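Q: Pasting the sequence and the predicted model now:
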Amino acid sequence: MRQFEVKSVLETRPIYHKYDSTIKGHVFSSFLALVVMKELIRRVDFKAEWDEIREDLDCFYETEIRLDSKRYLLRGELQGVCGKLFRSVGVAIPPSITHL
């Protein structure tokens with residue numbers, strides 16, 4: 001199954017790393033991010049722009065707190081399309097408070 005076809009050479013800005021292997025890793029991770037982005041947009045069952053998805057995911061956070069001798073993980077409020085996005089790709093939305 002082919003995800004998409006590259007019809008031209010992918011161009012990059014200058015990448016300043018000391019070793020060729022780190023440049024290859026940089027290019028690979030950028031390409032992988034592109035593939036993940038395309039697949040995510042394909043899977044969502046609603047209309048959304050990539051910038052909107054990215055901004056809403058950037059607002060998603062979890063914070064670990066300690067209260068007395070107990071540890072908790074607090075999830076922030078889901079912004080915009082985050083909840084729909086999680087459900088569209090079959091990922092469970094983490095609870096608001098988790099005891100660790």
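A: Structure received. Numbers count the residues shown, from 1 in each chain.
Q: what are the ranges of the helices in the protein?
A: Secondary structure of the chain by DSSP state H: the helices cover 20-43, 50-58, 82-88.
Q: Return the list of helices and strands in contact with the longest one.
A: Spelled out, that is helix 20-43. When contacts are defined as 3 or more CB pairs under 8 Å, 6 or more residues apart in numbering; DSSP states H and E, helix 20-43 packs onto helix 50-58. For glycine as for every other residue, the C-beta is placed from the backbone atoms N, C-alpha and C.
Q: returning to what we had before: tabulate the helices of the chain in CSV, adding columns for distance to residue 14.
A: Shown next, in CSV, are the helices of the chain (distance: least, CB to CB, whole Å):
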stretch, distance to residue 14
helix 20-43, 10
helix 50-58, 24
helix 82-88, 33
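Q: Point out the most buried one among those.
A: helix 82-88 (a mean of 16; mean count of other CB atoms under 10 Å).
Q: CA atoms of it as CSV?
A: Extracted as CSV, the C-alpha positions of helix 82-88 are listed here (Å, rounded to 0.1, in the frame of the first residue of the first chain):
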residue,chain,number,x,y,z
CYS,A,82,-7.8,17.4,20.6
GLY,A,83,-10.7,15.2,21.9
LYS,A,84,-12.0,14.5,18.4
LEU,A,85,-8.5,13.8,17.2
PHE,A,86,-7.8,11.3,20.0
ARG,A,87,-11.1,9.5,19.3
SER,A,88,-10.6,9.5,15.5
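Q: hang on, the earlier thing: TSV for the helices of the chain, including mean pLDDT and distance to residue 94?
A: Shown next, in TSV, are these (pLDDT from 0 to 100; distance: least, CB to CB, whole Å):
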stretch	mean pLDDT	distance to residue 94
helix 20-43	87	18
helix 50-58	89	14
helix 82-88	88	9
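Q: tell me the domain boundaries of the chain?
A: 9-43, 45-100 (automatic domain parsing).
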